[in-house]
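Enquirer: give me a 3D structure for the following:
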Amino acid sequence: MMLGATLPLVIVITLFANRLIAVLFGPPYLAAAPTLQILTWTLPVVGVQSLLGSQLVAVNEQHALARARLSGLTLFVLLSFLLVWRFSFPGAAFAVLISDTALLVCYLTILLRVKAAPTFGTTASQAA
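Expert: Numbers count the residues shown, from 1 in each chain. Next comes the predicted model:
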């Protein structure tokens, strides 16, 4: 559901980032368009991540959640150091996208390990 809700928005922002920036902020800010195009892809990632994080809490995996978040933060700091130095703002956007995606994978891995992974695309009655 979260992907279905955010994916059209992400595609539109990615395709029309230059126009959106020009209309909303003016031509002096057009250099921000590539960064917006990268950061917009964090919308579906963070949406699903939020749902999986709530599920981790629901199955009493707060310690695993905290360790995963610490790992994601560590990855973000390392990637920021490496990518911002070389690629400036787009590098920072990639650091966010990569670390958030890695955190999402961590959450899903933990849920699979404890046999509490969500059944995407099925209702609760079908899953039971």
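
Enquirer: tell me where this structure has helices.
Expert: Here the chain has its helices, by DSSP state H, at 2-25, 33-39, 42-58, 62-113, 124-127.

Enquirer: dump those helices into JSON lines; add mean pLDDT and mean neighbour count as well.
Expert: In short, each C-beta sits where N, CA and C put it, glycine included. Below are the helices of the chain laid out as JSON lines (pLDDT from 0 to 100; neighbours: other CB atoms under 10 Å):
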{"stretch": "helix 2-25", "mean pLDDT": "92", "mean neighbour count": "14"}
{"stretch": "helix 33-39", "mean pLDDT": "98", "mean neighbour count": "19"}
{"stretch": "helix 42-58", "mean pLDDT": "95", "mean neighbour count": "17"}
{"stretch": "helix 62-113", "mean pLDDT": "97", "mean neighbour count": "16"}
{"stretch": "helix 124-127", "mean pLDDT": "55", "mean neighbour count": "8"}
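
Enquirer: for the spatially closest residue to residue 34 that is not a sequence neighbour, give me its contacts.
Expert: Spatial nearest neighbour of residue 34, excluding adjacent residues (CB to CB, 6 or more residues apart in numbering): residue 90 at 5.1 Å. If you count contacts by CB atoms under 8 Å, 6 or more residues apart in numbering, residue 90 has them with 34, 35, 38.

Enquirer: residue 5 now?
Expert: Contacts of residue 5 were listed using CB under 8 Å, 6+ apart, and they are residue 47.

Enquirer: separation between it and residue 43?
Expert: 9 Å (CB to CB, to the nearest Å).

Enquirer: how about residue 59?
Expert: Taken as CB to CB, the span from residue 59 to residue 43 is 25 Å.
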